[in-house]
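S.K.: pasting the sequence and the predicted coordinates here, then a few questions.
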Amino acid sequence: MSYLTEFHECVKDLSTSETVLQMDEFIQHGDITTLEHVVAVAYTSFVVAKKTGANARLAARGAMMHDLYLYDWHIKDWSQRPPLTHGFTHPATAAKNAEKYFTPTKEEVKIIRSHMWPLTPFHIPTSWEALIVTLSDKYCATNETLGIYDDSKQRKTIKKYLKQIRKK
Ligand SMILES: [Fe+2]
Ligand SMILES: [Fe+2]
């Protein structure tokens, strides 16, 4: 079984849901939607967890919900703008939405809450999987911001997966 097929088996209830697909309407960095970012972080976390003997399913599922805040943080209209503290508050918003729309495990919620650490000093990653997700998020976000992700092999894999879930 390919990594992508195995990944899909672990997250398909989330990745094909209306709620997660809604993230395709919000921009993360440049022309990358929050959905694409989330899939990139989830797949990266899955592969790293597999290679290091961590729980790949847990890492992938936590990462799939890590930015489930469901608003555009670039809005120029100040009256509609989310709090300027987006970086600090969105893990709590994402965790709340995850609990509203899905039934995440305690470990999955902890992954969501600690993914911005050390920006959220009281939410320290307490599992290998949480550490993998917070590092994968920083790695992906940096590559997206610097344009390294744009024509990468990684993006081709992610695009392939997005095509698969957007159809459903
Ligand atoms: Fe985030
Ligand atoms: Fe993120």
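M.R.: Sure, I can see it. Ligands and ions are numbered 1, 2, ... in the order given.
S.K.: how about the residues of this protein by ligand 2?
M.R.: D67, D137 (Cβ under 5 Å from the ion). All C-beta spots, glycine's among them, are computed from the backbone N, C-alpha and C.
S.K.: by mean pLDDT, flag the weakest helix or strand of the chain.
M.R.: Every helix and strand in the chain was compared by mean pLDDT, DSSP states H and E; the lowest is strand 27-29, with a mean of 88.
S.K.: would you mark the buried spots in that strand?
M.R.: For strand 27-29, the neighbour count (16 or more other Cβ atoms under 10 Å) marks Q28, H29 as buried.
S.K.: okay, now the sheet partners of that strand, with direction.
M.R.: Strand pairing for strand 27-29, using DSSP bridges, gives strand 32-33 (antiparallel).
S.K.: what's the burial count for the residue lying closest to M65 once chain neighbours are set aside?
M.R.: In space, and not counting its chain neighbours, M65 is closest to A98: 4.3 Å by Cβ to Cβ, 6 or more residues apart in numbering. Here the number of neighbours of A98 (other Cβ atoms under 10 Å) works out to 25.
S.K.: can you tell me what sits against whatever helix or strand A98 lives in?
M.R.: Counting by DSSP states H and E, the element that carries A98 is helix 86-101. The contact list for helix 86-101, computed with Cβ atoms under 8 Å, 6 or more residues apart in numbering, reads 17, 19, 65-70, 73, 82-83, 104, 108-109, 112-116, 119-120, 123.
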